[in-house]
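Undergrad: task: produce atomic coordinates for the following.
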Amino acid sequence: MHLQSVNVMQIAYSQPVVEFVTVGAEFCAFLEQSEGRDRESFVDTILKLLPLLYVKAMLLPRVDGGDEYAPQSFVTEQDYNWLRAILSDVMAELDEYEDFVYDETVQTDEVRWHRVSEDLADIYQPVRDFVECFRMCIEENIEEALWTLNDNFELYWGGNLVDTLRRLHRTRYAQ
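TA: Numbers count the residues shown, from 1 in each chain. Model prediction:
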């Protein structure tokens, strides 16, 4: 077995990666099975899963990547839209919210409208893609998929998760 292959597989089956996959799979399954859930129990559960997902993502090992090829995407646009619609139904009138965001280009705060359903679907997509790549255990893809997951976490979905968590916290405790 090639030395780099051994290192990739050691990383792929390291405790932080396995724990992330475990939490990520639970997060994805919960969202996929949310049709018909009442909002209160949905929010209560997702408020427990999101911080755990965030911590497990922060603990993932850093790998070199980004040069060779993009890992396979498993979540289709149809899957994304299906999930977003289910979550929008669960959140109902509390799905849409406004948030103040600091715009560095003009150095002012601006109001932006968000949807919890879209935010959660945006988190779901990279997490599901990584979980599926891990499940398929295609050695060449694991390192690249891990690099992509880490990069997207740092640039996009990690901050998105924090913003969504804040909104769901307000939803839970304002009732």
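
Undergrad: quick check, central residue of the protein?
TA: The centre of the chain sits closest to I123, judged by CA atoms, centre = their mean, with a distance of 2.9 Å.

Undergrad: report the buried residues of the helix or strand that it is a member of.
TA: Using DSSP states H and E, the secondary-structure element containing I123 is helix 116-136. For helix 116-136, burial by neighbour count (16 or more other CB atoms under 10 Å) applies to 116-134. Quick note: C-beta positions are derived from backbone N, CA and C, even for glycine.

Undergrad: before we move on, the earlier item: so the residue lying closest to the residue nearest to the centre of the chain once chain neighbours are set aside: helix, strand or coil?
TA: Among residues not flanking I123 along the chain, W157 sits closest, at 5.0 Å (CB to CB, 6 or more residues apart in numbering). Under the three-state scheme (DSSP: H, G, I helix; E, B strand; the rest coil), W157 adopts helix.

Undergrad: can you give me the strands in this protein?
TA: Along the chain, counting by DSSP state E, strands occupy 96-103, 108-115.

Undergrad: ok, of those, where does mean pLDDT dip lowest?
TA: Here the strands of the chain differ in mean pLDDT, and the lowest is strand 96-103 at a mean of 80.

Undergrad: elements contacting that strand?
TA: strand 108-115, helix 158-174 (3 or more CB pairs under 8 Å, 6 or more residues apart in numbering; DSSP states H and E).
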